[in-house]
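S.K.: could you work out the structure for the sequence below:
(chains A and B)
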Amino acid sequence: NAGVTQTPKFRVLKTGQSMTLLCAQDMNHEYMYWYRQDPGMGLRLIHYSVGEGTTAKGEVPDGYNVSRLKKQNFLLGLESAAPSQTSVYFCASRPTTEFEAFFGQGTRLTVV
Amino acid sequence: GDSVTQMEGPVTLSEEAFLTINCTYTATGYPSLFWYVQYPGEGLQLLLKATKADDKGSNKGFEATYRKETTSFHLEKGSVQVSDSAVYFCALSPSGAGSYQLTFGKGTKLSVIP
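M.R.: Sure thing, here's the model as predicted:
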């Protein structure tokens, strides 16, 4: 049982480059989330989705876009990476009827 | 909006010491409360939860009681081990059917030394 899988685990980008982070869950969860984790800031919500085909902005959405074309996948895109986007990114999913969220292992992104 | 405040770390304890990590929250109604743990190099995983006032969540020797009167959910463990070294996050989810929100505190790093 894979749970929540994030791809890639590590990445270094140059300023201005673009990339997509992939989150895949095999638990048929409706809700999916993208967070970023920075020292002293805890977890901050970037975007979330309450179902296939839906997305919404979280606390810190600027500079990111997301898509949820399939229920099991939630993609996070950076169109033009900036050093301020250096962070560890976590994806999570949750069913509608339970409160426990399941997290991926994280993606460590460095923008130079 | 909803918010969670945890004691700032880092916290360093000797093995077998008593642990308390304070957590207070601001929310309307009766949110569900959680403690998540993040071991080095890993994602977060649920440690324990409480869904109504006066409930006590417990797991792996950790406990936390949902105190509505003080809006608190402090994490405690009677005797910590080196393997408990991790970052601990307090979190809440608002009450109500279909609530999707999950708000985290900033995390408290715990280091346990032999």
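S.K.: next, count neighbours for the residue nearest to A:Tyr31 when sequence neighbours are not counted.
M.R.: Leaving out its chain neighbours, the residue that sits closest to A:Tyr31 by CB to CB, 6 or more residues apart in numbering or on different chains is A:Arg94, at 4.4 Å. Glycine gets a C-beta too; all of them are placed from N, C-alpha and C. The tally of other residues near A:Arg94 (other CB atoms under 10 Å in any protein chain shown) stands at 23.
S.K.: need the contact list for A:Arg94.
M.R.: Applying CB atoms under 8 Å, 6 or more residues apart in numbering or on different chains to A:Arg94 gives the contacts A:29-33, A:100-102, B:100, B:102.
S.K.: at 6 Å instead, please
M.R.: Contacts for A:Arg94 (CB atoms under 6 Å, 6 or more residues apart in numbering or on different chains) come out as A:29, A:31, A:101.
S.K.: show me what from chain A comes close to chain B.
M.R.: Along chain A, the residues adjacent to chain B under the rule CB under 6 Å from any CB of the partner chain are A:31, A:42-43, A:50, A:90, A:96, A:99-101, A:103-106.
S.K.: so which of the residues you listed sits lowest on pLDDT?
M.R.: Across the residues of chain A next to chain B, the member with the lowest pLDDT is A:Phe99, scoring 76.
S.K.: the contacts of A:Arg94 in helices, which ones?
M.R.: With helices taken from DSSP state H, there is no overlap with these.
S.K.: export these to JSON lines and tack on neighbour count and distance to B:Tyr25?
M.R.: Converted to JSON lines, those look like this (neighbours: other CB atoms under 10 Å in any protein chain shown; distance: CB to CB, whole Å):
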{"residue": "A:His29", "neighbour count": "20", "distance to B:Tyr25": "24"}
{"residue": "A:Tyr31", "neighbour count": "20", "distance to B:Tyr25": "20"}
{"residue": "A:Ala101", "neighbour count": "25", "distance to B:Tyr25": "17"}
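S.K.: in chain A, which segments are predicted with low confidence?
M.R.: Counting by pLDDT under 70, chain A has low-confidence residues at A:1.
S.K.: now the closest residue to A:Leu78 other than its chain neighbours: how far from chain B?
M.R.: Leaving aside its sequence neighbours, A:Leu78 sits nearest to A:Met19 (CB to CB, 6+ apart; 5.5 Å). In this view, A:Met19 and chain B are 20 Å apart by CB to the nearest CB, to the nearest Å.
S.K.: one step back: between the contacts of A:Arg94, which is closest to B:His74?
M.R.: A:Ala101 (21.2 Å; CB to CB).
S.K.: that closest one and A:Ala92 touch, don't they?
M.R.: Yes: using CB atoms under 6 Å, A:Ala101 is in contact with A:Ala92, at 4.5 Å.
S.K.: how near is B:Pro94 to chain A?
M.R.: Distance from B:Pro94 to chain A, by CB to the nearest CB: 10 Å.
S.K.: same question, B:Gln81
M.R.: From B:Gln81 to chain A the distance is 23 Å (CB to the nearest CB).
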